[in-house]
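Colleague: need a structure here:
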Amino acid sequence: MRHIIVVGGGAAGMMAAVGAARAGAAVTLLEQNEKTGKKVFITGKGRCNLTNTCGQEEFFEHIISNPKFLYSAFFNMDNRGIMDFFEKAGCRLKEERGGRVFPVSDHSSDVIAALNRQMEKEGVKVWLHTRVKKVLTRGMADLWQEEGPGAGKKYVTGVELSDGTRLKADAVIIATGGKSYAATGSTGDGYLFAENAGHTVKELKPALVPFTVKESWCMEMQGLSLKNVSVQLKCNKKKIYEGFGEMLFTHFGVSGPLILSASSYYVKKCYGAQADLTIDLKPALTAEQLDKRLLRAFDENKNRQFKNVLDGLLPSKMIPVIIRLSGISPEKRVNEITRQERNDLSGCIRRLTMTVTGTRGFQEAIVTQGGVHVKEIDPSTMESRLMDGLYFAGEVLDLDAVTGGFNLQIAWSTGYLAGEDAAKKRE
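Modeller: The predicted structure follows:
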């Protein structure tokens with residue numbers, strides 16, 4: 001029986017452990033935290049959006065970095081497969097708007113509990129409070145260096161823990177996560193393990209992360225949440241993202257699901273540069289329909305001041321900002337507003353534009369963009385092309401997606417494939 005060590009007890013690591021154990025291996029999972037699934041626990045605001053029900057073609061459209069690399073892993077354990085996995089593990093699921101899948105309970109702890117139950121059922125040994133110092137490979141002066149045929153070939157022999165203990169293994173799966181949310185244990189160790197094995201680590205950047213913006217009026221709307229708006233992001237006058245959904249104004253800029261998805265395209269295509277973010281506050285209305293809506297509001301309030309007639313059209317916190325940007329005097333009587341002024345107001349509502357100056361850091365990023373170069377990993381197995389018996393799964397790889405359950409599906413798919421292949425491989 002092959003012995004597999006999984007480093008990391010997050011989404012990818014737990015799924016890798018289950019996959020390897022189901023395939024007949026003896027599995028030990030090493031987690032430096034006091035419990036497994038710390039990052040899973042906080043995903044989806046504690047509800048855990050664990051996958052998405054969209055079709056295969058649409059699924060890959062939501063993957064930002066290296067979607068083709070994910071094909072084999074996804075088809076081995078796709079979104080339907082993962083839903084079936086959790087249902088059978090006793091975690092009932094539900095589908096919400098946009099194909100997002102959550103546990104019926106709305107508690108991420110139920111997802112973690114299901115994984116822990118499956119690991120226990122399959123005989124996985126879980127070692128908590130256990131940090132791996134390095135991955136041991138043939139050619140190092142370790143305890144299991146051997147002589148004979150194939151002695152010159154590089155392969156994994158085990159791991160060394162922070163206390164100096166050495167554990168032998170036939171394969172090691174690195175599922176240590178990225179750099180985001182360091183408090184959950186994502187300390188970047190996996191990147192060091194990869195580099196020590198000769199792998200290239202692509203530049204690490206915070207992704208699915210809030211924007212910082214230049215305009216001070218944005219901060220005046222701190223705490224205001226908008227639903228059913230559309231945004232367009234342009235960098236160097238080129239459109240790099242367009243989407244529809246929810247967003248939030250903050251003390252430093254903007255956030256919310258729509259903005260987080262936009263940020264990953266920004267990080268991928270123009271990280272560090274300024275960009276223009278334009279919000280359409282009324283995307284369901286054409287320009288003509290919006291003008292009619294304004295005319296109706298003005299007609300019903302002919303003798304009132306301009307500042308007092310927008311309550312039914314915009315959130316109260318936004319009204320002073322829109323009035324100022326429109327250039328119309330707040331004290332001006334509605335019946336005195338010209339057609340041009342009305343057009344300017346409409347333009348502010350349909351094209352509320354701000355300047356993105358950058359993003360917040362890893363401490364607020366949901367995922368990491370960049371990671372172990374996928375060209376050095378076999379996509380059909382998740383095994384290193386440089387080191388036999390060394391596997392990678394989850395966020396440590398240069399794979400990421402927009403919000404909506406896609407990043408967790410990456411973790412489930414790559415983890416399960418890595419576990420299965422590590423268990424089945426024969427020299």
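Colleague: from the contact counts, what lies against the biggest helix by length in the chain?
Modeller: Longest helix of the chain, by residue count under DSSP state H: helix 406-424. For helix 406-424, the elements it packs on are strand 3-7, helix 11-22, strand 51-52, helix 71-76, helix 79-88, strand 171-174, strand 390-392, strand 400-401, judged by 3 or more C-beta pairs under 8 Å, 6 or more residues apart in numbering; DSSP states H and E. C-beta coordinates here come from the backbone N, C-alpha and C atoms, glycine included.
Colleague: relative orientation of it and helix 79-88 in degrees?
Modeller: Helix 406-424 and helix 79-88 are oriented at 80 degrees to each other (axes from the mean of the first three to the mean of the last three C-alpha atoms, to 10 degrees).
Colleague: distance between helix 406-424 and the chain's centre?
Modeller: Here the centre of helix 406-424 is set off from its chain's centre by 16 Å, with C-alpha atoms, centre = their mean, to the nearest Å.
Colleague: I'd say K239 and V231 touch.
Modeller: No. Counting by C-beta atoms under 8 Å, K239 stays clear of V231, with 10.9 Å between them.
Colleague: the more surrounded of the two?
Modeller: More crowded of K239 and V231, by other C-beta atoms under 10 Å: V231, with 23 against 12.
Colleague: spatially, which residue comes closest to that one, not counting chain neighbours?
Modeller: Nearest residue to V231, sequence neighbours excluded (C-beta to C-beta, 6 or more residues apart in numbering): I279, at 5.3 Å.
Colleague: burial count for the one you found?
Modeller: Neighbours around I279, by other C-beta under 10 Å: 20.
Colleague: beta partners of it?
Modeller: V231, L352 (DSSP bridges).
Colleague: who are the contact partners of it?
Modeller: 226, 229-231, 247, 351-354 (C-beta atoms under 8 Å, 6 or more residues apart in numbering).
Colleague: ok, of these, which one's closest to L310?
Modeller: L310 lies nearest to L352 out of the contacts of I279, by C-beta to C-beta, at 13.6 Å.
Colleague: please tell me how far the closest one sits from C218.
Modeller: For L352, the distance to C218 equals 10 Å [C-beta to C-beta, to the nearest Å].
Colleague: for R92, same thing?
Modeller: R92 sits at a distance of 41 Å from C218 (criterion: C-beta to C-beta).
Colleague: okay, the two: which has more neighbours?
Modeller: Neighbour comparison, R92 and C218: the larger count goes to C218, with 23 against 11 (by other C-beta under 10 Å).
Colleague: what number of residues lie near the closest residue in space to that one that isn't next to it in sequence?
Modeller: Spatial nearest neighbour of C218, chain neighbours left out: M354 (5.5 Å); criterion: C-beta to C-beta, 6+ apart. If you count neighbours by other C-beta under 10 Å, M354 ends up with 19.
Colleague: cool, and R333?
Modeller: 14.
Colleague: sorry, back to before: list the buried residues of the longest helix of the chain.
Modeller: For helix 406-424, a neighbour-count test (16 or more other C-beta atoms under 10 Å) marks 406-423 as buried.
Colleague: wasn't the residue nearest to C218 part of a helix?
Modeller: No. Counting by DSSP: H, G, I helix; E, B strand; the rest coil, M354 is located in no helix; its state is strand.
Colleague: give me the phi and psi for V132.
Modeller: phi -90, psi 130 (degrees, to the nearest 10).
Colleague: measure how buried it is and give me the count.
Modeller: Quick note: V132 (other C-beta under 10 Å) scores 22 neighbours.
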